[in-house]
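Enquirer: Predicted coordinates and the sequence they were generated for:
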Amino acid sequence: MFSAAEENYLKAIYTLQLEDGSLVSTNVIAEKICTKASSVTDMLKKLSAKNLIDYQKYRGVFLTETGMQLALKVLRKHRLWEYFLVEKLNFKWEEVHVIAEQLEHINSESLVDNLDEFLGFPRFDPHGDPIPDKHGKLSKSELNNLLQVNIGDSAVLKYVKDSSEPFLKYLNKIDLSLGDRIELVDREPFDDSLKIRIHEQQIQISKNVAGKLYVKSL
């Protein structure tokens, strides 16, 4: 049995390790979890004692095989609950993260397995993140960042890298959601902002926004 705090750390380390592909530093973890570096160090020592991470002082950490499997279990619960909340309870995609953060710590494998079956074994959550199966395997999809799309080409939005409430509310404001077709109309050389067409309307989005949108080319 592991505490909610321990599971949160493992999930954060997994996410950071996936992004960087190398050792994750104490300061980066502290920034991710919004806490002090000293508190992170104390937790890392606990996780290391439980063989959940390999902790290299002054260098960083990475998950052990045991830690990786536990992190994937937590992610599976989190993303299944997000899918359930959106698809079955009609929550908006910007509302579900905080609720799923609480539900992901329910320690019942049978509940999670039954939830997965009830939902039809979804492969991706409402933000496009892959949902690990009961064996920890993740579905893969070949996606490109919207910034890589050529002018005149079209693609379908499949994943948003930023699932924060402000960003998702911005996407709601411009009426853009997963599954929508995006046509790249023009690119502004000065700041790399993009003019795109969605739902027969043209809008301008910044390079920052475009960099968080991942699409499948048509």
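Expert: Nice, thanks for sending it over. Small disclaimer: the values here were computed from a predicted structure and weren't measured.
Enquirer: From here on, just use CA atoms for contacts and neighbour counts.
Expert: Fine.
Enquirer: So Asp162 sits against Ala210, correct?
Expert: No. Asp162 lies out of contact with Ala210 (Cα atoms under 8 Å); the separation is 10.9 Å.
Enquirer: Give me the more crowded residue out of the two.
Expert: Of the pair Asp162 and Ala210, Ala210 is the one with more neighbours under other Cα atoms under 10 Å, namely 18 against 14.
Enquirer: Can you tell me how far the closest residue to the more buried one other than its chain neighbours is from Arg123?
Expert: Leaving aside its sequence neighbours, Ala210 sits nearest to Leu146 (Cα to Cα, 6 or more residues apart in numbering; 5.6 Å). Relative to Arg123, Leu146 is positioned 22 Å away (criterion: Cα to Cα, to the nearest Å).
Enquirer: the more surrounded of the two?
Expert: The neighbour comparison of Leu146 against Arg123 (other Cα under 10 Å) goes to Leu146, with 25 against 18.
Enquirer: Ser217 is in contact with that one, correct?
Expert: No. Shown here, Leu146 and Ser217 do not form a contact pair, counting by Cα under 8 Å, at 9.5 Å.
Enquirer: Going by residue numbers, what spans are helices in this protein?
Expert: 4-20, 26-33, 37-49, 65-87, 96-103, 109-118, 165-173, 207-210 (DSSP state H).
Enquirer: Identify the residues contacting the shortest one?
Expert: By Cα atoms under 8 Å, 6 or more residues apart in numbering, the surrounding residues in contact with helix 207-210 are 145-147, 191-194.
Enquirer: and if you look at the fourth one?
Expert: Helix 65-87 is contacted from outside by 7, 10-11, 14, 51-53, 91-93, 96-97, 100-101, 103-105, 112, 115-116, 119, 122, 124-126, 129, 131-134, 136, using Cα under 8 Å, 6+ apart.
Enquirer: Mind checking which of these are buried?
Expert: 7, 10-11, 14, 52-53, 93, 96-97, 100-101, 103-105, 112, 115-116, 122, 124-126, 129, 131-133 (16 or more other Cα atoms under 10 Å).
Enquirer: Apart from its neighbours in sequence, what residue is nearest the residue most central in space within the chain?
Expert: Centroid-nearest residue in the chain, with Cα atoms, centre = their mean: Asp129, separated by 5.2 Å. What sits nearest to Asp129 in space, not counting adjacent residues and going by Cα to Cα, 6+ apart, is Tyr159, at 6.6 Å.
Enquirer: can you pull up the bridge partners for that neighbour?
Expert: Counting by DSSP bridges, Tyr159 forms beta bridges with Tyr214.
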